[in-house]
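K.L.:
sequence plus the predicted model coming up.
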Amino acid sequence: MKQFLLAAALIAVPAAGFSTFQVYVARANAATNAPAASLGDLSAFAGIVTDVQGIAAKGDLTGAKTRIKDFEIAWDRGEKGLKPLDPDHWHMIDEAADSALTAIRADNPNPQAVGDALTALQASLVANPVVTK
């Protein structure tokens, strides 16, 4: 039980800190007159997806399934701060994330389908449109 609580804390604390930081950055971008990405800096999310892609590419779909949970937790915690900034783009990324999660969590995941879904998720994160004010 102690190990479970420690593991939960080791996941929850960084995810909460990351989400709080993302909200802070998004609000700071909204407060300036300079062009800002519609959802702010999504590079931390993209970094997790890159990790998952690397793990999956090695054939370790169980490890990829474990690592994508970090993305899911951070994305869900960031929803409250990110979604209002650009709901359409947020939903586009969320749908790509759902597809990737479904592919990787399948009873018998297809490596090609997992790779394609992760590529689509990464593309949705990188395709963060810039808004001019």
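P.N.:
Structure's in. What do you need?

K.L.:
where along the protein do the strands fall?
P.N.:
36-37, 130-131 (DSSP state E).

K.L.:
mean confidence for the first one?
P.N.:
If you average the pLDDT over strand 36-37, you get 52.

K.L.:
do the last one as well
P.N.:
The average of the pLDDT scores along strand 130-131 is 50.

K.L.:
please apply the same query to stretch 2-11.
P.N.:
For stretch 2-11, the per-residue pLDDT averages 66.

K.L.:
stretch 53-72 too?
P.N.:
96.

K.L.:
what does that stretch contact?
P.N.:
Applying Cβ atoms under 8 Å, 6 or more residues apart in numbering, the contact partners of stretch 53-72 are 11, 15, 45, 48-49, 51-52, 97, 100-101, 104-105, 109, 111, 114-115, 118-119, 122. To be clear about C-beta, it is placed using only N, CA and C from the backbone, and glycine gets the same treatment.

K.L.:
got the end-to-end distance for that stretch?
P.N.:
Start-to-end span of stretch 53-72 (Cα to Cα, to the nearest Å) is 15 Å.

K.L.:
now do the residue nearest to Met92 when sequence neighbours are not counted, the pLDDT please.
P.N.:
Leaving aside its sequence neighbours, Met92 sits nearest to Ser124 (Cβ to Cβ, 6 or more residues apart in numbering; 5.5 Å). Here the pLDDT value assigned to Ser124 is 94.

K.L.:
I figured Ser124 hits Ala100, correct?
P.N.:
No: taking contacts as Cβ atoms under 8 Å, Ser124 lies outside contact range of Ala100: 9.7 Å.

K.L.:
ok, these two, which is more surrounded?
P.N.:
Neighbour count, other Cβ atoms under 10 Å: between Ser124 and Ala100, Ala100 has more, with 29 against 22.

K.L.:
ranges for the helices of this structure?
P.N.:
2-31, 43-57, 61-82, 87-104, 111-126 (DSSP state H).

K.L.:
and Ala86, how far from Leu42?
P.N.:
Careful, residue 86 is Asp; it's not Ala. 11 Å (Cβ to Cβ, to the nearest Å).
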